[in-house]
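[1] Pasted the sequence and its predicted model underneath.
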There are 2 protein chains.
Amino acid sequence: MDNTQLFRLIGTISRQATSEVNRSASVYGLDNNLFLYLIRIVEQDGISQVALANQIKVDKTTLSRALTKLTTAQLIVKRTNPKNKKFKQLYATAKGQTYYNKVYQMEQDYIEAVLKPLQPNEKAMLGQLLTKISPSE
Amino acid sequence: MDNTQLFRLIGTISRQATSEVNRSASVYGLDNNLFLYLIRIVEQDGISQVALANQIKVDKTTLSRALTKLTTAQLIVKRTNPKNKKFKQLYATAKGQTYYNKVYQMEQDYIEAVLKPLQPNEKAMLGQLLTKISPSE
DNA sequence: CCTTTATAGTTGTATGTTCAACTATATTAT
DNA sequence: ATAATATAGTTGAACATACAACTATAAAGG
């Protein structure tokens, strides 16, 4: 396998995973990556939009509109940081926590299925290698 | 790093790569993954749409419309398989080949940059591990 | 055969994505 | 201090995506 095949494989694996988890999450109305945003907000309470966008490498305008959907669904709230009014901090509601539990489990089920072919030491190695090529900022 | 972090990292790396290569390819009007489809068609002359969709894990209706764009731009042609009229085979035109050279080089440049942190043996290992978790069909 | 079922590809439609440009706030430089 | 610059977030508009449902062709079953 050459570098090109390797690189393209990452995209294929990712598209497959994204499609499949989104289809599962659509049961809760959390497709179009809404599940992903909710998960990150629950796990990083108070994060700002741009920080979140940079972390997961999604377009900030796409994220802005997706977060409006999560807000309308009352799964999160946007609170302007009183110390610095430029920032809106994101918090999950109680309802958001409940939905988080559902989609988190879906993600875990998918992860377990997809990583099943790997031994623990192989997973450790894969994690290290991916970390080396992960976006810096 | 746990399984969850590992899995999410694949998505992050892929989103970053997709965004960046698409932005580069937009110079040639080949963003929205058009560059990706063109590359695969050139490298697998005569492939059918569903076969291509399955291979790269994209929705067949999205692919159908994207290929209409490539056809309009005269980069590919769709030819009904005379042996089996259900299939439309995809072929690059001479113009498509020329554009292929451009976007292929862009992809190569990105690949070189992103895989630079890895030693040759690490790349071999990463390729093996990704192959193990790649979608079967 | 010929009816049923399966597969390839397209289209309608609702919704999502993303670029450019904008507002609002904060930071930096003179 | 205040003008210039930078950053966070939103919005308009053009276009892409993906589900459901469709047509067309072929394959399988009786």
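    Nice, thanks for sending it over.
[2] Now for the residue nearest the centre of chain A: which residues touch it?
    For chain A, the residue nearest the mean C-alpha position is A:Leu36 (3.1 Å; C-alpha atoms, centre = their mean). Residues near A:Leu36 by C-beta atoms under 8 Å, 6 or more residues apart in numbering or on different chains: A:56, B:11. C-beta coordinates here come from the backbone N, C-alpha and C atoms, glycine included.
[3] Flag every residue of chain A that's near DNA strand D.
    Residues of chain A found near DNA strand D (C-beta under 7 Å from any atom of the strand) are A:19, A:22-23, A:26, A:31, A:48-51, A:60-61, A:64-65, A:67-68, A:78, A:86-89.
[4] Now, those that are in helices?
    The helices, defined by DSSP state H, take in A:19, A:22-23, A:49-51, A:60-61, A:64-65, A:67-68 from these.
[5] Disregarding residues adjacent in the polypeptide, which is nearest to A:Ile64?
    Let me fix one detail, which is that residue A:64 is Ser and not Ile. In space, and not counting its chain neighbours, A:Ser64 is closest to A:Gln49: 6.4 Å by C-beta to C-beta, 6 or more residues apart in numbering or on different chains.
[6] hang on, isn't the one you found packed against A:Leu67?
    Yes: when contacts are counted by C-beta atoms under 8 Å, A:Gln49 is listed as touching A:Leu67 (6.6 Å).
[7] hang on, the earlier thing: which of the residues of chain A next to DNA strand D are buried? Put it as a ChimeraX command.
    The buried subset of the residues of chain A next to DNA strand D, as determined by 16 or more other C-beta atoms under 10 Å in any protein chain shown, is captured in ChimeraX by this line:
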select /A:22,31,48,49,67,87,88,89
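[8] contacting residues around the closest residue in space to A:Ile56 that isn't next to it in sequence?
    What sits nearest to A:Ile56 in space, not counting adjacent residues and going by C-beta to C-beta, 6+ apart, is B:Thr12, at 5.9 Å. Counting by C-beta under 8 Å, 6+ apart, B:Thr12 touches A:55-57, A:134-135.
[9] Tell me the one among the residues you listed nearest to DNA strand D.
    Checking the contacts of B:Thr12 against DNA strand D by C-beta to the nearest atom of the strand gives A:Gln55 as the nearest, at 11.2 Å.
[10] picking that back up, could you give the average pLDDT over the strand or helix carrying the residue nearest to the centre of chain A?
    Assigned by DSSP states H and E, A:Leu36 falls within helix A:34-43. For helix A:34-43, mean pLDDT is 98.
[11] Please state the offset of that helix from the chain centre?
    With C-alpha atoms, centre = their mean, to the nearest Å as the basis, helix A:34-43 stands 6 Å off its chain's centre.
[12] Is it positioned near DNA strand C?
    No: contact between helix A:34-43 and DNA strand C is absent, the nearest approach being 7.6 Å (criterion: C-beta under 7 Å from any atom of the strand).
[13] Can I get that helix in CSV, CA atoms only?
    What follows is helix A:34-43 as a C-alpha-only set of coordinates in CSV (Å, rounded to 0.1, in the frame of the first residue of the first chain):
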residue,chain,number,x,y,z
LEU,A,34,-25.7,17.5,15.2
PHE,A,35,-24.8,14.4,17.4
LEU,A,36,-21.2,15.3,17.0
TYR,A,37,-21.6,18.9,18.2
LEU,A,38,-23.8,17.9,21.1
ILE,A,39,-21.3,15.3,22.3
ARG,A,40,-18.5,17.8,22.2
ILE,A,41,-20.5,20.5,24.1
VAL,A,42,-21.5,18.1,26.8
GLU,A,43,-17.9,16.9,27.2
